[in-house]
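J.: build me a structure from this.
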Amino acid sequence: MRPMNFDFDAQVTAALFDNTGAVFALGDGSVRFEDRTRVEAHDGAVLCACVHPSGDGIVTGGDDGKVVWSRHDEDPVVLATAQNQWIDAIDASPASGLIAFSSGRTLSVIDPKEVSFRRDFQHERTVSGVAFEPKGRRIATSTYGGAALWYARPTGPSSSRRCRTIRCTAGASRTPRICAWAAIRARCGRWPSWPMVS
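T.: Next up, the predicted model:
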């Protein structure tokens with residue numbers, strides 16, 4: 001059985017599936033759908049992408065500092081901006097409906113259904129990766145030499161801060177070592193479900 005091939009004139013940043021089928025985010029700033037529909041999402045390159053929490057279309061981050069929602073046969077919608085920064089990583093949670101993205105040392109969380117909601121979390125180093133837990137309540141971020149766990153949307157004073165910052169260091173032998181998780185359990189109430197090594 002032969003595959004269905006797609007030829008583009010730009011680098012494919014991400015290949016995803018939304019409710020309509022396959023969706024491709026490209027380095028020329030466009031989003032292409034399986035039926036060849038094209039949406040001009042960014043004035044520059046798409047650097048990261050994920051499926052929208054609703055499953056309708058995808059959300060992309062670009063080197064123009066914009067977070068854009070692209071849907072089939074719809075005009076693109078700018079959901080957030082980061083002034084003078086690239087959007088380096090992005091993730092979305094169907095469970096909570098939230099979207100998280102990183103720009104430089106900042107993690108930002110927005111709610112597409114509540115335009116006024118936005119939370120910014122500062123890190124000591126550039127954030128390279130962002131991921132929601134399955135329930136969409138917490139976010140993990142990766143940075144150079146460490147990581148952090150954050151509450152995405154606090155409901156009280158105890159959840160207004162991050163769960164824990166994890167620093168991963170290798171010994172003189174440079175052998176990877178698993179980070180200590182006891183403090184995370186004490187602060188967050190359970191063991192993390194994902195391993196991390198230096």
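
J.: residues contacting the spatially most central residue of the chain?
T.: Per C-alpha atoms, centre = their mean, the C-alpha nearest to the average position across the chain is that of residue 90, at 1.9 Å. Applying C-beta atoms under 8 Å, 6 or more residues apart in numbering to residue 90 gives the contacts 48, 49, 50, 59, 60, 61, 67, 99, 100, 101, 102, 130. Where you see a C-beta, it was placed from the backbone N, CA and C, and this is true even at glycine.

J.: closest to residue 139 among those residues?
T.: Lowest distance from residue 139 to the contacts of residue 90 (C-beta to C-beta) belongs to residue 100, with 5.2 Å.

J.: what stretches of the chain score poorly on pLDDT?
T.: 154-198 (pLDDT under 70).

J.: where is the longest strand in it?
T.: As assigned by DSSP state E, the longest strand anywhere in the chain is strand 114-122.

J.: pull up the pairing partners for that strand, direction included.
T.: Paired strands of strand 114-122, with direction, are strand 106-111 (antiparallel) (DSSP bridges).

J.: what's the strand it pairs with in contact with?
T.: 67, 79-80, 82, 85, 97-102, 117-123, 127, 130, 139, 141, 150, 152-153.

J.: can you map out the helices along the chain?
T.: Taking DSSP state H as the criterion, the chain contains helices spanning 182-188.

J.: sorry, back to before: what about the contacts of residue 90, which are in strands?
T.: Those of the contacts of residue 90 lying in strands (DSSP E): 48, 49, 50, 59, 60, 61, 67, 99, 100, 101, 102, 130.

J.: identify the bridge partners of the second one.
T.: In other words, residue 49. Here residue 49, judged by DSSP bridges, has bridge partners residue 60.

J.: also the last one?
T.: Counting by DSSP bridges, residue 130 forms beta bridges with residue 141.

J.: so what touches stretch 11-20?
T.: Under C-beta under 8 Å, 6+ apart, the answer for stretch 11-20 is 22-27, 33-34, 45-52, 55-58, 60, 72.
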